[in-house]
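> Next input, structure requested:
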Amino acid sequence: MPSLRRLLPLSAVAVAATLALSACAPTGGESADGGEVVWAIEGANLSAGHMDPQTSQLDVSALVQRAVLDSLVFQEADGSFSPWLAESWEVSGDGTSYTFVLRDDVTFHDGEPFDATAVKANFDRIVDPETASAQAASMMGADFYAGTEVVDDHTVRVEFTQPYAPFLQAASTAHLGFYSPAVLAESADRLKAGGPGVTVGTGPFELTDYTPDQELVYTRNDDYAWGPDGQGAPSFETLRVSILPEAAVRAGVVDSGEADLASQLPPNLVGDLSDTLTVEAIEYPGLPYSLYLNEAYGVFADQRVRQAFSRAIDIDTAVEEIYFGQFPRAWSILGSTTPTYDASLEGTWPFDPDAANALLDEAGWTERDAEGYRTQNGERLSARWIAWTPVPDDRAALGNAIQSDLKAVGFEIVREVLEPGAYNEQYGPKTYDLTDWGFSGVDPDLLRSHLHSEGFQNASQVNDPAMDLLLEDAVATSDAAERAVLYREVQQWNAEHVAIVPLYSPAFITAVGETISGLEYDLYGRPLFYGVTLE
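Numbers count the residues shown, from 1 in each chain. Predicted coordinates:
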């Protein structure tokens, strides 16, 4: 068995201070002449226009492009922020303005200077409707964003129309990282596809080769001297990212030594890995892997049906058996490692098929057809679940378990695994009953995109003025205790309303070979290569 280190759920009081393994990279990082690190990842959908974190909401985009795209600030393991491309910053008393003093020694890979104009060009590009950004635009405050002012060459002020508390956290992510102004002026339409000469940032590595669906090759930026916590250029020359969609293949290459590390591994493969490997399993902060019930379309318009659906699923058993006890069952729409997590919800909606049957009877689904499914006025109680391909084996097994549990109470679930284009044809007009995903994020403001009536990820089509007000108050509140109260109300509301059914809190699992030392992780569990050396 490999050495397994797992970040366990923490109490709500302590979570902000001990959210993840230390992401504070050690000092040093002397440049060496050569050396290559091979990193195996899933890489699904990168080639489908997801190479640009400013426009993609998929985690994989930020995962790989962190090597290229630096941020204004760095978020430490205790949740605090330290300088990165910004030497210092000041937040106005009313929380509507953030002023950053930038380093004056930073250049992009193409030689362009990093300055206040570059910051403005990137931020304005993100919120431009023609960019069609979703997550990054939301992290920029969306309609709250009033603009970025160039104060002088190395001072920039970001203005909002109202207090916007999550901005520093957002500004620490790759989604708000920086491209060369020359790229934005000449090749912005090519950023989604990405590639050498297009994916150009200020980061410790430059993207020098990209074969879609096969590999990305990053070469050390020898001039790099502005990393978080004083990091300089990496000590190795090449970071080769192998795209291997099959988890078993990723496990195989790291076990055999063909790769130095492999990420996005499922728990069922960890036990078979060599004991020479170290396995890091870091629980994602954010919204657990969940089901989103479309209450504006079909049977889920009835709250009793939504409540019955959630109580009919034996989540504990399915998660325990499929994930070997490595992923905790979720009770709330925030994971337990997320600030403002409401632990009081634990155990409040257990598996209860009797309660589910009673709720469905009350909702009028009292008849049964020849296959045992409930009917009402000749219509079968049925919901269509659309899923984005590829669906890994573990989630396929979970889907099968959910179908079986729902069938036991007479509820038919029809699952459709769709290619991205076909999925979006239904997701856009919301012509489905339910869909699924998890969404990582350190700040609970991520719930605004999922539950606000105008949220870009409001897959449940929630339209509740009271919920809108709660989320708007929370995003404008800088006091941590006040925010916790507001987000507790949001979590309690969902537990009763059941717009979202949280299932489990996944962890980002990485197996690391003996050749690697000095590897650290960000708060999402993603590897950081600044201080890595090769043994």
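> Quick check: the residue nearest to Gln264 when sequence neighbours are not counted vs Gln57, distance?
By the measure of CB to CB, 6 or more residues apart in numbering, the closest residue to Gln264 outside its immediate chain neighbours is Glu42, 4.4 Å from it. (Each C-beta comes from the backbone N, C-alpha and C, glycine too.) Glu42 sits 16 Å away from Gln57, taking CB to CB, to the nearest Å as the criterion.
> before we move on, what about Gln135?
Applying CB to CB to Gln135 and Gln57 gives a distance of 4 Å.
> Likewise for Leu519?
From Leu519 over to Gln57 the distance is 26 Å, taken as CB to CB.
> List the contacts of the residue located most distally from the centre of the chain.
Outermost residue of the chain with respect to the C-alpha centroid, by CA atoms, centre = their mean, is Ala370; its distance is 43.0 Å. Remark: with contacts taken as CB atoms under 8 Å, 6 or more residues apart in numbering, Ala370 is in contact with nothing.
> Report whether it is found in a strand, as I expect.
No. Counting by DSSP: H, G, I helix; E, B strand; the rest coil, one finds Ala370 to be coil, located in no strand.
> just the strands in the stretch 301-450 of the chain please.
In the stretch 301-450 of the chain, strands defined by DSSP state E, counting those that start in this stretch lie at 367-368, 374-376, 379-380, 382-388, 412-418, 434-440, listed in chain order.
> Glu159 is in contact with Phe123, correct?
No. Counting by CB atoms under 8 Å, Phe123 stays clear of Glu159, with 10.6 Å between them.
> More neighbours: which of these two?
Taking Phe123 and Glu159 together and counting by other CB atoms under 10 Å, Phe123 has the greater number of neighbours (21 against 17).
> Okay, and the more buried one sits in which element?
Per DSSP states H and E, Phe123 falls inside helix 116-127.
> Could you name the helices and strands sitting against that helix?
Judged by 3 or more CB pairs under 8 Å, 6 or more residues apart in numbering; DSSP states H and E, the packing partners of helix 116-127 are strand 97-102, helix 135-139, strand 145-152, strand 155-160, helix 181-186.
> Just give me how far that helix sits from the chain centre.
Averaged C-alpha coordinates place helix 116-127 at 23 Å from its chain's average position (CA atoms, centre = their mean, to the nearest Å).
> So the spatially most central residue of the chain versus Phe508, what's the distance?
By CA atoms, centre = their mean, the chain has its centre lying nearest to Ser440, at 2.9 Å. Taking CB to CB as the measure, Ser440 and Phe508 are separated by 8 Å.
> Show me the shaky parts of this protein.
Applying pLDDT under 70 to the predicted model, the residue ranges of the chain that meet it are 1-33.
> coming back round to it: higher neighbour count, Gln135 and Gln57?
The neighbour count for Gln135 versus Gln57, taken as other CB under 10 Å, is higher for Gln135 (25 against 20).
> Next, the contact list for that one, please.
Contacts for Gln135 (CB under 8 Å, 6+ apart) come out as 56-57, 175, 449, 456.
> if we go to 7 Å?
Each residue near Gln135 by CB atoms under 7 Å, 6 or more residues apart in numbering is listed here: 57, 175.
> Distance check, the residue lying closest to Phe114 once chain neighbours are set aside against Thr148.
Leaving aside its chain neighbours, Phe114 sits nearest to Val106 (3.9 Å; criterion: CB to CB, 6+ apart). Plainly put, Val106 is 17 Å away from Thr148 if you go by CB to CB.
> same question, Gly195
With distances taken as CB to CB, Gly195 is found 27 Å from Thr148.
> just Val64 next, same as before
26 Å.
> Grab the longest helix from the chain for me.
helix 480-497 (DSSP state H).
> and whichever helix or strand comes after it with helix 480-497, angle?
Using DSSP H and E, the helix or strand that follows helix 480-497 towards the C-terminus is strand 500-504. Here strand 500-504 runs at an angle of 100 degrees relative to helix 480-497 (axes from the mean of the first three to the mean of the last three CA atoms, to 10 degrees).
> Surely the residue nearest to Phe114 touches Pro204?
No. Using CB atoms under 7 Å, Val106 is not in contact with Pro204; the gap is 12.0 Å.
> neighbour count winner among those two?
For the pair Val106 and Pro204, the greater number of neighbours falls to Pro204 (27 against 20), based on other CB under 10 Å.
> Setting the sequence-adjacent residues aside, check what's closest to the more buried one.
Nearest residue to Pro204, sequence neighbours excluded (CB to CB, 6+ apart): Tyr224, at 4.7 Å.
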